[in-house]
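Trainee: coordinates only, no sequence provided:
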DNA sequence: ACCTAGGAAGATCGT
DNA sequence: CTTCCTAGGT
C-alpha cells in the first residue's frame, strides 16, 4: 500500500555512530521532533503515538494501516521504549510480514535484521515451539506437515481402523481436525457430540491417535504450531513468563482474521509478566470447554489482576453478548501491574477467512477483552477515486453486524466502475485481454494491472489467453512451486536426513526412483515399525539384518540406509546446497528424470535446480526446511512488467491502479458452496470479499460476468451476481464486452440491468442449441483439432479463439458474430507444421524447444521463460 | 513388482 | 476437464 501521503524516506545520517542496532539508528533519525510523524493525519498519528495500554485501530481499506503499524514500530524504537527484540509483531501472511520489513527498512534506512519477532503467527509460534520442543514431546528438528502429508497420514489411520474412506474421506476428517485446532481444542476438549459425527463416532478417537502419530513422527501440522504452543505455555508457566517479559509491545495485523487459537495465544502473551502466584499458575491448564461444549475463553486467562474472577468455575460468557459485570471483574487494567501494550489493527469489513476459523467476533469484542482499550478509526481513504469507493462502501452496507465505518476520500470522482457481460468465460478472458492491451496503449504499466478471481481455477483461462496474446503475466500464489512432485520428492529426501523419524517422507521416496521396494516391502516395514513402535527408518535398519525380504529388495534397502547415513554424516561438513546436489545425484533421482523422455522432464530438472538455488539464501538445511514448510511461496522476479493474476484472498493488502474482477456470477461469486455451508454468514463473508476486491483499485475497477461457464467440464448457464445489483447505480457504468459480440445482439440492458439475462436463457430452445446438445457427447470432429472447416458454421474462421480446446459447445448457439482479430484467423487448423523437438523462436519468450503438439497449439519449453503453451503461428523455426 | 488403461469421483479460499 | 484409485495384464 503506497498512499500518496506516504512519508519520504529518510536515510540514516552517514556519520552516526553505528554502535547501536536499529534502535540506535531509529533514535538517530529523530532529531528534535519525530520526523516520521509528519504527514500522518490526526487519527493515524494518534494510533502511532498511543503506546500505552491496549489499542484497537479500525482501519478501513486504503487508510494507511500498514503505515501506521510500521510507523508505530519506528516510534517505539525511537522513543527508546523497547529494543527490536522486545517487539512482537504478527501478521497472517508472509507477504504482509515481508512488506512490513521492507517498509521498516525504508523508514529506518537499513535492513531490519534486528526485528526477530516480526513474522506470521505460524512462523513465530513454530519458532517458540522449536526452542522448547521437548516440553511438548517433540524434538527441535520436528517436521511441519503440509496438507498432503496430513491427508496421507489420516488415510493410514482410517485404514487401521477399518473405516471406509469412501464414506468417510480423509479430507473431511482433516477438515474437522483443522477446525478443532483452530478453535484451540485438543482431543480431550472436543465436544463429544461433535467428535461423534465422523466415522460412526470414531472421530474423537481418530483425532487422538492422529496426535499420537504426529509425536511418533516428530511432526506437527499447521494447527499444532499454535495449539501445541498454547499447551506449552499453559503447562509451563515459567516458559510463558519468559516470553511475557520479553515482549514489551505486541502488534497484530489483520486482527479480524484471528481464530480462537490465535486469540488464546495472544491472550497468554499479552498478560503482564508477573509474579504469578503458585495458585494462579496452577489454574492455568484449565479446560477450554464449558458444559455446553462451547469454546470457553474466560477460564484461560491467568491474568493476575483478576485472580478471583479467573478462578470462578462457572463458564462465563465472554463469548456471546459481552456481560459488563463479568468484564469489569476481569479488568486487567485494574491490576497493579500495567496492562500489556498490545495494538491490534484490523477491519471487520475485510474479514474473509471465516472458513479458516477466523472469528470476526474477536475484533468486535476487543474492547471487552482488553478493558480500557482505546479504539481509533481510520476512515480517510488515500487509495481509490470517488466512484470506486462509493461502490465499495455501498456494497458493504448490505452487511449487518459491522462495527461501521464510513470511508471517505478527498480524491476526484474518477472513472465509474464498469460492469461488462460476456457470453462465456472465454469471451470474458478475451475481453479483458483487449482492455488490457488498450490500457497498455494508453501508457498504463502492466505492473499496475491486476486480475482478481474468486477461485484459482478461473486463472487458467486467462493464462491461456495471455499466452496467445504474448502478454506477460505473473501468477501470484498460483500453482505452488513446493507442491510439484519433483520438489516434494527432493524435499522428502532432505527431510529424512533432517529428521529420521519422518516416516511420511521416507515412505515417499523409499521407492523413488524405483528400487524394487514395492507395496509388499513397504507393508512389511510398516508391520515391523508398528510392532516395535519405532520409525520406519529404524525398522528398515533392523529388517535388512534379517532375511524377511527377498535378497534383491534387501540389498537395495541396505544400500539406501547406508546412503542416508553417509549423507547425515556429510551434513556436518558439507554446505547444505552441495549436500542437496549430492543427495539428488547419488540417490539416482536426477538420473530418473534425465532418462525420462516425457515432455515435462526437462522442466522438472529445472525446478530441481531452482530449488537448490533457493536454498542458498538459508544458513543450513534446517532453516531451509523450516522456511519452505511455512512459506510455500516462490518469490519470482518481480521487476519485470507483467499483469498480476491472483485470487481475491491473496490480493488482500495489495493495490493496483487497474483492477479487473471477472466471474461475478451467482454460484461462483458468491460461491454456492459457501452459501450452502455458512448460510447468511457465508454470504456476508463473500460480500466482504467483494468489498476487498473493489477496494484494491486505485483508479479503475472493471467487473465482469459471463453467462455461461464450464463447471466440472460441463457448460452451465449462470446469472449475474447479486452483488452487481447492490452497487450504487450512480457510480457504475454498463459496458459492452469488447471481446466479442455481446450476446446475440441483445442490445442494451434493461432498466433493471440484468433482468434480461434470464430471458436470454430462452434462446436455449433454439434449434442451434439443441443441435449442439445432441452433438455434445461426441462433439469432437474427425480430426483432433476440432471442427473441420466445412463443418464450422463460421466459414472456417474460428471466432472462439484457439484451435478447439474449451468451447466446442457454445459455438453453434452464438448469434451474429464479430470475428475477432487476425490472431484467431491465423490458426491453421488441426495439423501443425512443427514437429517435436523443433527449435523455435517466439517474439516474447525467446528461444525454446517444442515438447508437445496438440493441433495448432504447441507446448514449448523456452530457455528462459519456462514451459508455455502457444499457438503455432506465433513461433518461427529458429 | 511394475505398468497401463479405464472408471469413478471431485473442485474455493491458504498458514 | 482433472486427478486419484483400482484392476488386470505383463
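Mentor: Everything's here; your move. Predicted, not measured: the structure shown is a model, and the values here were computed from it.

Trainee: how about residue A:848, phi and psi?
Mentor: For residue A:848, the backbone dihedrals are phi -170, psi -180 (criterion: degrees, to the nearest 10).

Trainee: which residues does it bridge with?
Mentor: residue A:840, residue A:862 (DSSP bridges).

Trainee: for residue A:876, helix, strand, or coil?
Mentor: Judged by DSSP: H, G, I helix; E, B strand; the rest coil, the three-state class of residue A:876 is strand.

Trainee: next: residue A:58.
Mentor: Of the three states, residue A:58 takes strand according to three-state DSSP.

Trainee: can you tell me how far it is from residue A:351?
Mentor: Going from residue A:58 to residue A:351 by Cβ to Cβ, to the nearest Å gives 12 Å. In this view, the C-beta of every residue, glycine as well, is placed from N, C-alpha and C.

Trainee: between these two, which contacts overlap?
Mentor: Common neighbours of residue A:58 and residue A:351 are listed as residue A:363 (criterion: Cβ atoms under 8 Å, 6 or more residues apart in numbering).

Trainee: who's in contact with the residue lying closest to residue A:349 once chain neighbours are set aside?
Mentor: Closest residue to residue A:349 apart from its sequence neighbours, by Cβ to Cβ, 6 or more residues apart in numbering: residue A:396 at 5.2 Å. Under the criterion of Cβ under 8 Å, 6+ apart, the neighbours of residue A:396 are A:349, A:402, A:687-688, A:691.

Trainee: one more: residue A:699?
Mentor: Residues near residue A:699 by Cβ under 8 Å, 6+ apart: A:384-385, A:388, A:414-415, A:657-658.

Trainee: and with 6 Å instead?
Mentor: Contact partners of residue A:699, counting by Cβ atoms under 6 Å, 6 or more residues apart in numbering, are A:385, A:414, A:657.

Trainee: which ChimeraX command selects the buried ones in those?
Mentor: Only the buried entries of those go into this ChimeraX selection, using 16 or more other Cβ atoms under 10 Å:
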select /A:385,414
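
Trainee: would a markdown table of the contacts of residue A:699 with pLDDT be doable?
Mentor: Below are these laid out as a markdown table (pLDDT from 0 to 100):
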| residue | pLDDT |
| --- | --- |
| A:385 | 96 |
| A:414 | 93 |
| A:657 | 97 |
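
Trainee: mind checking which of the contacts of residue A:699 land in strands?
Mentor: Among these, DSSP state E puts residue A:657 in strands.

Trainee: now the nearest residue to residue A:393 once chain neighbours are set aside: how far from residue A:174?
Mentor: Closest residue to residue A:393 apart from its sequence neighbours, by Cβ to Cβ, 6+ apart: residue A:407 at 5.5 Å. Using Cβ to Cβ, we find residue A:407 at a distance of 38 Å from residue A:174.

Trainee: so which of these two has more stuff around it?
Mentor: Counted by other Cβ atoms under 10 Å, residue A:407 and residue A:174 do not tie: residue A:407 has more neighbours, with 22 against 18.

Trainee: ok, the more buried one touching residue A:381?
Mentor: Yes: counting by Cβ atoms under 6 Å, residue A:407 does reach residue A:381; the two are 4.6 Å apart.

Trainee: common neighbours of these two, please.
Mentor: Common neighbours of residue A:407 and residue A:381 are listed as residue A:389 (criterion: Cβ under 6 Å, 6+ apart).

Trainee: ok, and what's touching stretch A:85-99?
Mentor: Stretch A:85-99 is touched from outside by A:116-121, A:247-254, A:257, A:631, A:653, with contacts defined as Cβ under 6 Å, 6+ apart.

Trainee: does residue A:710 lie in a helix or a strand, and which?
Mentor: Using DSSP states H and E, residue A:710 sits within strand A:697-711.

Trainee: what average pLDDT does the helix or strand following that strand get?
Mentor: Next along the chain after strand A:697-711, taking DSSP H and E as the criterion, comes strand A:714-717. Strand A:714-717 shows a mean pLDDT of 88.

Trainee: I'd like the next helix or strand past strand A:714-717.
Mentor: Remark: after strand A:714-717, the chain's next helix or strand is helix A:722-725, criterion DSSP H and E.

Trainee: could you report the neighbour count for residue A:641?
Mentor: 12.

Trainee: so who does the closest residue to it other than its chain neighbours touch?
Mentor: Leaving aside its chain neighbours, residue A:641 sits nearest to residue A:446 (4.4 Å; criterion: Cβ to Cβ, 6+ apart). Residue A:446 sits next to A:641-643 when contact means Cβ under 6 Å, 6+ apart.

Trainee: and residue A:446, what pLDDT?
Mentor: Predicted confidence (pLDDT) for residue A:446: 95.

Trainee: what's the separation between it and DNA strand C?
Mentor: Distance, residue A:446 to DNA strand C, by Cβ to the nearest atom of the strand, to the nearest Å: 27 Å.

Trainee: phi, psi for that residue please.
Mentor: phi -60, psi -30.

Trainee: for it, give its distance to residue A:59.
Mentor: 29 Å.

Trainee: tally of neighbours for the residue of the stretch 1-150 of chain A found nearest DNA strand C?
Mentor: Relative to DNA strand C, the nearest point of the stretch 1-150 of chain A is residue A:148 (8.1 Å; Cβ to the nearest atom of the strand). Residues within reach of residue A:148, counting by other Cβ under 10 Å, total 12.

Trainee: repeat for the one 10 residues further on
Mentor: Residue A:158 sits with 20 neighbouring residues when counted by other Cβ under 10 Å.

Trainee: equivalent analysis for residue A:687, please.
Mentor: Residue A:687: 22 surrounding residues under other Cβ under 10 Å.

Trainee: pretty sure it is in a strand, no?
Mentor: No: per three-state DSSP, residue A:687 lies outside any strand segment and is helix.

Trainee: quick one: the strands in the stretch 151-300 of chain A?
Mentor: Here the stretch 151-300 of chain A has its strands, by DSSP state E, counting those that start in this stretch, at A:219-220, A:249-252.

Trainee: please identify the most buried of those strands.
Mentor: strand A:219-220 (a mean of 26; mean count of other Cβ atoms under 10 Å).

Trainee: neighbouring strands of that strand in the sheet, and parallel or not?
Mentor: Applying DSSP bridges, strand A:219-220 is found paired with strand A:143-144 (parallel).

Trainee: quick one: the partner strand near DNA strand B?
Mentor: No: contact of strand A:143-144 with DNA strand B is not found when judged by Cβ under 7 Å from any atom of the strand; the minimum separation is 9.6 Å.

Trainee: what's the answer for stretch A:548-564, then?
Mentor: Yes: using Cβ under 7 Å from any atom of the strand, stretch A:548-564 reaches DNA strand B at residue A:553.

Trainee: also stretch A:505-521?
Mentor: Yes: judged by Cβ under 7 Å from any atom of the strand, stretch A:505-521 comes into contact with DNA strand B at A:511, A:514-521.

Trainee: what comes up buried for that stretch?
Mentor: Along stretch A:505-521, these residues count as buried under the neighbour rule (16+ other Cβ under 10 Å): A:505-512, A:515, A:517, A:521.

Trainee: so of the residues you listed, which ones are in helices?
Mentor: Counting by DSSP state H, these place A:505-509, A:521 in helices.

Trainee: quick revisit: distance to residue A:532 and pLDDT for the contacts of residue A:396 - can I get that in a markdown table?
Mentor: Formatted as a markdown table, the contacts of residue A:396 follow (distance: Cβ to Cβ, whole Å; pLDDT from 0 to 100):
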| residue | distance to residue A:532 | pLDDT |
| --- | --- | --- |
| A:349 | 56 | 94 |
| A:402 | 58 | 86 |
| A:687 | 55 | 96 |
| A:688 | 52 | 96 |
| A:691 | 56 | 97 |
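
Trainee: check the offset of stretch A:363-379 from the chain's centre.
Mentor: 27 Å (Cα atoms, centre = their mean, to the nearest Å).

Trainee: tell me the mean pLDDT for that stretch?
Mentor: Stretch A:363-379 shows a mean pLDDT of 91.

Trainee: contacts only, for residue A:681.
Mentor: Listed by Cβ under 6 Å, 6+ apart, the contact set of residue A:681 is empty.
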